[in-house]
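*Asks:* sequence isn't available, so here's the structure alone:
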């Protein structure tokens, strides 16, 4: 607007900009640089070229982490795209007391993953409620080792992630459902279409783009999974650490006893590429949507 | 971000609801009753699924050693507070509550101040370098914290922030999301009022503080709540930056309690309740702001 605005914006921006530069942009650039060095928490930092990346390729722990993290997305994302939508449809109609149900369904979102993880650790333990119910219903004879078997542990963590996320995505879907024209439902109802039919032909197409968005958010969240695994496995990532995720391994390698900062930085960038990959996939799909 | 294009049909003012009080056949009344019953049954089922674990845990935390924690009845016959006392004897829980309160409150206040200052400038003033600033803030949203965590630890160490609450607070004191929310809020204010204030001789600072800021109280509330809850719940960063157990926040402390000291499920249950009950109360008191926040936050990183 005017000349006086040469320094004023920077005064207003200073605190936020300082934090962004010192605690986000700076460390990101630093991560890039460190990934080409052999730096540790104690010092060092000789340039070693792509050695860290070459080491990653042959590191079974890294690949276990990548596999588990991708597996996480494969299981969690479809569930988070569908279940919260069903939940949103369930609480969409203004029935008496519906506000109460909406709030309760959202409450796991508010709780810390530590709390949620500890609650489920107890429910999933060998003499916990889940096993007792399964045994009472005669679905299983012996209690299932939810917390001590690698695959079951991962699956348990995934379900806990979904359980905690349901309410959040439900609210996102509720906003989207409000945009689905009501008259379509009415017309379909007059034509004799049942609930399932209307869900399939009206609701689903109406919230399509929101579903993609939820898918992206769920995928990114899956890449960052840590607390579930850490808490539910009591910090061990299961027997032999086989249920590890990428973030779990990055923390262990970079901030554990050995403190291999350079190597952990290379791993961090692999994580970054995965997250960005999902965003690019999403943008691609959006572009294809628009040209449809 | 509601990406769904709202294409509401024009001029259909009276939608013909089939359940309008017209002539209703007995069959349709019955069908409606069944419909309602099914809906409430489903709601009750989901209620048990989502609230049940909290209720179960709460009940367990109130059970004395004489009562079984394996029975189907989640509630104690004679409730006792002894498990809560046991938590306080095992870990310095009041200190942890205090630490969490300091961290969460500071984060809420700092995010409100820093994000509204930055958001106002980005929404209202054109200046050289604004595009660059935009890109920088966008980058902080796109780059997940987990990716830069190791380097942030190094930075914090060289700033002497390790093992201090300040070290927990600062990295999230002005998140890209907070700035985005405040920027959007200021952008949607009509310019005329501020221009009128300017003609009346108000300084830039006065325009910001007396005219613009009071009009975005709702968004400030959203920013404050999100920052508070995020800081209260956060686990990974406090776990990384805090070394001495006496400096822990509540989430790290509760994990420490269950991991190190006790396998007594009643005591762990009491610990988790101490960490979650204040937040649940806050949520039920201020829920409309939480829901509004999900809408405004849209893309949560």
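*Replies:* Noted; the coordinates are in hand. What you are looking at is a predicted structure, and each value in this text was computed from that prediction instead of being measured. Numbering: from 1, shown residues only, chains lettered A, B, ... in the order given.
*Asks:* enumerate every residue touching the closest residue to residue B:86 other than its chain neighbours.
*Replies:* The shortest distance from residue B:86 to any non-neighbouring residue, by Cβ to Cβ, 6 or more residues apart in numbering or on different chains, is to residue B:267 (4.7 Å). In short, each C-beta sits where N, CA and C put it, glycine included. By Cβ atoms under 8 Å, 6 or more residues apart in numbering or on different chains, the residues touching residue B:267 are B:83, B:86-87, B:90, B:257.
*Asks:* quick one, what contacts residue B:180?
*Replies:* B:119, B:137, B:141.
*Asks:* pLDDT wise, what is it at?
*Replies:* pLDDT for residue B:180: 93.
*Asks:* residue A:182 now?
*Replies:* The model's pLDDT for residue A:182 equals 81.
*Asks:* neighbours of it, how many?
*Replies:* Per other Cβ atoms under 10 Å in any protein chain shown, the neighbour tally for residue A:182 reads 14.
*Asks:* how close does it sit to chain B?
*Replies:* 6 Å (Cβ to the nearest Cβ, to the nearest Å).
*Asks:* torsion angles phi and psi at that residue?
*Replies:* The phi/psi pair for residue A:182 (degrees, to the nearest 10) reads phi -60, psi -30.
*Asks:* which of the helices or strands spans the residue nearest to residue B:86?
*Replies:* Here residue B:267 sits within helix B:265-285, counting by DSSP states H and E.
*Asks:* so stretch B:52-63, near chain A or not?
*Replies:* Yes. Counting by Cβ under 8 Å from any Cβ of the partner chain, chain A has neighbours in stretch B:52-63: B:53-54, B:56-57, B:60.
*Asks:* wait, doesn't residue A:169 sit right on residue A:213?
*Replies:* No. Look at residue A:169 against residue A:213 with Cβ atoms under 8 Å: they stay out of range, at 9.6 Å.
*Asks:* who's more crowded, the two?
*Replies:* More crowded of residue A:169 and residue A:213, by other Cβ under 10 Å: residue A:169, with 28 against 23.
*Asks:* hang on, that one is in a helix, isn't it?
*Replies:* Yes. Under DSSP: H, G, I helix; E, B strand; the rest coil, residue A:169 sits within a helix.
*Asks:* distance check, the closest residue to it other than its chain neighbours against chain B.
*Replies:* Closest residue in space to residue A:169, ignoring its immediate chain neighbours: residue A:84 at 3.5 Å, by Cβ to Cβ, 6+ apart. Distance, residue A:84 to chain B, using Cβ to the nearest Cβ: 11 Å.
*Asks:* what is the burial count for residue A:84?
*Replies:* Using other Cβ under 10 Å, residue A:84 has 25 neighbouring residues.
*Asks:* can you tell me the helix or strand for residue A:215?
*Replies:* Following DSSP H and E, one finds residue A:215 within helix A:208-223.
*Asks:* so which elements touch that helix?
*Replies:* On a contact count with 3 or more Cβ pairs under 8 Å, 6 or more residues apart in numbering or on different chains; DSSP states H and E, helix A:208-223 meets helix A:60-92, helix A:150-177, helix A:261-291.
*Asks:* residues making contact with that helix?
*Replies:* A:69, A:72-73, A:76-77, A:80-81, A:84-85, A:161, A:165, A:169, A:172-173, A:175-176, A:204, A:246, A:271, A:274-275, A:278-279, A:281-282, A:285-286, A:289, B:1-4, B:144, B:146, B:299-301.
*Asks:* wait, isn't residue A:47 in contact with residue A:35?
*Replies:* No. Residue A:47 is beyond contact range of residue A:35, at 10.9 Å (criterion: Cβ under 8 Å).
*Asks:* and the most centrally placed residue in chain A, how close does it get to residue B:151?
*Replies:* Geometric centre of chain A, nearest residue: residue A:221, 1.9 Å, by Cα atoms, centre = their mean. Distance, residue A:221 to residue B:151, using Cβ to Cβ, to the nearest Å: 22 Å.
*Asks:* and for residue B:229?
*Replies:* 26 Å.
*Asks:* cool, and residue A:228?
*Replies:* Counting by Cβ to Cβ, the gap from residue A:228 to residue B:151 is 24 Å.
*Asks:* ok, back up a step: so which of the residues of stretch B:52-63 next to chain A are in strands?
*Replies:* Taking DSSP state E, every one of those sits outside strands.
*Asks:* most neighbours of all those residues, which one?
*Replies:* residue B:60 (26 neighbours).
*Asks:* verify the contact between that one and residue B:74 for me.
*Replies:* Yes. Counting by Cβ under 8 Å, residue B:74 is a contact partner of residue B:60 at 7.3 Å.
*Asks:* PyMOL command for the buried members of the contacts of helix A:208-223?
*Replies:* Those of these that count as buried under 16 or more other Cβ atoms under 10 Å in any protein chain shown are selected in PyMOL with:
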select buried, (chain A and resi 69+72+73+76+77+80+81+84+85+161+165+169+172+173+175+176+246+271+274+275+278+282) or (chain B and resi 2+4+144+146+301)
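*Asks:* still on that earlier bit, check the contacts of residue B:180 one by one and keep those near chain A.
*Replies:* residue B:137.
*Asks:* ok, then the element right after whichever strand or helix holds residue B:28?
*Replies:* For residue B:28, the host element (DSSP H and E) is helix B:26-61. Counting by DSSP H and E, the next helix or strand C-terminal to helix B:26-61 is helix B:82-90.
*Asks:* if you go through chain B in chain order, where are the helices?
*Replies:* According to DSSP state H, chain B carries its helices in the segments B:26-61, B:82-90, B:93-124, B:130-142, B:145-158, B:165-169, B:176-187, B:191-199, B:204-206, B:217-233, B:236-241, B:250-256, B:265-285, B:287-297.
*Asks:* what comes up buried for the longest one?
*Replies:* Within helix B:26-61, the residues that qualify as buried by neighbour count (16+ other Cβ under 10 Å) are B:40, B:43, B:46-47, B:50, B:53-54, B:56-61.
*Asks:* likewise for stretch A:50-66?
*Replies:* Buried residues in stretch A:50-66, counted by 16+ other Cβ under 10 Å: A:51-52, A:55-56, A:59, A:62, A:64-66.
*Asks:* need the winner for burial among the helices of chain B.
*Replies:* Ranked by mean neighbour count, the helices of chain B are led by helix B:250-256 with a mean of 26 (mean count of other Cβ atoms under 10 Å in any protein chain shown).
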